[in-house]
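# need a structure here:
(2 chains)
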Amino acid sequence: MAVETLEKSEPKKIFGKPECLIDVNFHFCPGCNHGNVHKMIGEAIDEFGIQDKTIGVAGVGCCVFLYNYVDIDVMEAPHGRACAVATGLNRVHPEKIVFTYQGDGDLASIGLAETVHTANRGENITVIFVNNTVYGMTGGQMAPTTLLGQKTTTSPYGREFMGDGYPIKMAEMLATLEGPAYVARVACNTPKNLMAAKKAVKKAFKMQIDQMGFSFVEILSACPVNWGMTPGKAHKRVSEEMIPYFPLGVFKERTHADYM
Amino acid sequence: MKGNEAIAEGAMRAGCRYYFGYPITPQNDIPEYLSRELPKIGGTFIQAESEIASINMLMGAAAGGARAMTSSSGPGISLMQEGISYMAGSELPGLVVYISRVGPGLGGIAPTQGDYKQVTAGGGHGDYYTISLAPASVQEMFSLTQKAFELADKYRNPAVLLADAILGQMKEPVEIGPRPKNLKVELPHKDWSLEGNKGRKSNLVKSLFLGDGEMEVQNWKLFEKYKKLKEEDTYFEEIGTEDAELLIVAYGSCSRMAQSGIDLAREAGMKVGLLRPITIFPFPEKAVAEASKRINKVLVIEMNTGQMVKDVKVNVDRAADVFLYARPGGGLPTPDDILEQIKKYY
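I've put the predicted structure just below:
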């Protein structure tokens, strides 16, 4: 009886690509989490039905090809300047949804001033920050978030505090400001964390839709190729090395628009 | 009205509703004026954290389809060059007002024309140019600001209005009429702008072209725009060149001093004329070439060690002699200084 029912029923789609993602293969390296993050953004856009009013601002680096995968209006920002570019777009189109998609070199090094001041202005945009502790596209150089002891092509003996400083904790730093409405850090290393990450991305977009102000999600990601690891080992490293230094959680959440 | 204020008022009347800037002398009257006046007409003023942020906010607003501007001076403009290059590469219009201060480095706040080559050569990385206008009066600070927005939109390229502390700070009568009560400016919709893809394909604003040969195509495309700009929108003024035996080429505030010197020379019976570039990019190449066929002695006067003189030299008739009177570092030539130079070469 049960078998019969199964045969008769139409196949039900339980897992698929978000509608707003273009049907092409990602160019990202094996084990990279950019694809996951693109999917989370796509799902959030679909679920809120905002594809035709969303404008993405892509940072420089592996993030830049956002427009190859998400079918929305997209602008390329100069290296580090995505938050300033998004500010201009947001002021011209305050009723639209503007988000930036940036990596650690872009957001936390060359673009630190733009990031901090845009957050401090409480600019009503969403920032999706992919932190994989290296400059990916340029070939794995030391980033502002590179962990102590981590070997990269420009820290061949491992990052040392004396000389290189400590890795920057962006979520904690931004949470000290009055401007941001939502600041969270999530990770892509386990199915459970992926679910939480998706929830945080969606929450960040919701904050913007509700005009609550600046929302920021830091997503800990693996870069197996530049870490010289297999994808499995890389995700293990996220659990064992990254999360202890970059703890997951919501660092700030405004419950009502009290910033006026 | 003050020159800097005329720029601000001109921008508002040209439909500019977005200003992004960072304080620097001698252009502070512009952000001060706009921070006061823009909110009254529903506009947006942001004091950015740096000139880098200013130009990138301008870039975002321009990508959103709006008329937007920033203003600054030497050190700030140097910081903006990255953004200006991206704007040219991404084909985004916008206005950068440049009220020069003497450099290099922190330099001083005295008037100078030492930034001619930076502006006319593009300024940032890559094979591009900005549409560069050089007003010589407060009236032109007003009118050329409007012209700059118009040309920036026409060519989808950033425009630079280059003036100095004299023009920015001096007061002159201007004929602009009262500001209309409802300052609404109807501008055509920009089909390429970013505002969400409702009812159309997604738009993309970018300057990255990694494919083999793509950048060559893009560079030729930009080149064609500059060629058209040169043909259709080169502006200059000639005063008293019909009977002149000595031609002075000067622009901006320097052309005003040159004119005073020319007036003294005319009183003394010397036939001297002035050719004043209004667009410094595109440079009035043909006008210089033609005038120098008739007038074989050309004196270039500029407030630098000799920058525009190079553009004059490559365009003058072969038979013409080109002389230079250079006053760099904030030095201002007086009408008598100029008369002396005229006597020397006449």
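# need the contact list for residue 164.
Answering for chain A, as no chain was given. Counting by CB atoms under 8 Å, 6 or more residues apart in numbering or on different chains, A:D164 makes contact with A:M142, A:T146, A:S155. Every residue, glycine included, has its C-beta placed from N, CA and C.
# chain B was what I was after
Residues near B:D164 by CB under 8 Å, 6+ apart: B:P26, B:I99, B:S100, B:R101, B:P111, B:T112, B:Q113, B:G252, B:S253, B:M303.
# tabulate those residues (CSV), appending neighbour count, distance to A:V116 and secondary structure.
Shown next, in CSV, are the contacts of B:D164 (neighbours: other CB atoms under 10 Å in any protein chain shown; distance: CB to CB, whole Å; DSSP: H, G, I helix; E, B strand; the rest coil):
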residue, neighbour count, distance to A:V116, secondary structure
B:P26, 22, 29, coil
B:I99, 32, 28, strand
B:S100, 32, 31, strand
B:R101, 28, 28, coil
B:P111, 25, 36, coil
B:T112, 28, 34, coil
B:Q113, 28, 37, coil
B:G252, 29, 38, helix
B:S253, 26, 39, helix
B:M303, 28, 39, coil
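# what's the closest of those residues to B:R294?
Ranked by distance to B:R294 (CB to CB), these are led by B:G252 at 24.4 Å.
# the closest one against B:L167, yeah?
Yes: counting by CB atoms under 8 Å, B:L167 is a contact partner of B:G252 at 6.8 Å.
# which neighbours do those two share?
With CB under 8 Å, 6+ apart as the test, B:G252 and B:L167 both reach B:P135, B:A136.
# for A:N226, which non-adjacent residue is spatially closest?
A:G140 (3.2 Å; CB to CB, 6 or more residues apart in numbering or on different chains).
# next to chain B, which bits of the stretch 51-200 of chain A? Give me the list.
Counting by CB under 8 Å from any CB of the partner chain, the residues of the stretch 51-200 of chain A close to chain B are A:51-55, A:57, A:64, A:67, A:71-78, A:81, A:84-93, A:96-97, A:113-114, A:117, A:121.
# and for B:P135, the neighbour number?
When counting by other CB atoms under 10 Å in any protein chain shown, one arrives at 26 neighbours for B:P135.
# hmm, B:L167 and it touching each other?
Yes: with contact defined as CB under 8 Å, B:P135 counts as touching B:L167 (6.3 Å).
# intersection of neighbour lists for these two?
Residues touching both B:P135 and B:L167 (CB under 8 Å, 6+ apart): B:G3, B:M141, B:G252.
# is the residue in chain B positioned nearest to chain A in a helix, a strand, or coil?
Here the residue of chain B nearest chain A is B:G60; by CB to the nearest CB that distance is 2.5 Å. When classified by DSSP: H, G, I helix; E, B strand; the rest coil, B:G60 comes out as helix.
# was I right about it contacting A:V85?
Yes: with contact defined as CB under 8 Å, B:G60 reaches A:V85; the gap is 3.9 Å.
# the residue lying closest to A:K96 once chain neighbours are set aside: what's it in contact with?
The shortest distance from A:K96 to any residue other than its chain neighbours is 4.9 Å, reached at A:K53 (CB to CB, 6+ apart). Neighbouring residues of A:K53 by CB under 8 Å, 6+ apart: A:E95, A:K96, A:I97, B:G196, B:K198.
# give me the number of residues near the nearest residue to the third one once chain neighbours are set aside?
Spatial nearest neighbour of A:I97, chain neighbours left out: A:T54 (4.3 Å); criterion: CB to CB, 6+ apart. Applying the criterion other CB under 10 Å, we find 26 residues in the vicinity of A:T54.
# for whichever residue of the stretch 1-150 of chain A sits closest to chain B, give me its contacts.
Nearest residue of the stretch 1-150 of chain A to chain B (CB to the nearest CB) works out as A:G88 at 2.5 Å. For A:G88, the residues meeting the contact criterion (CB under 8 Å, 6+ apart) are B:Y18, B:F20, B:N56, B:M57, B:L58, B:M59, B:G60, B:A61, B:A62, B:A63, B:G64, B:A68.
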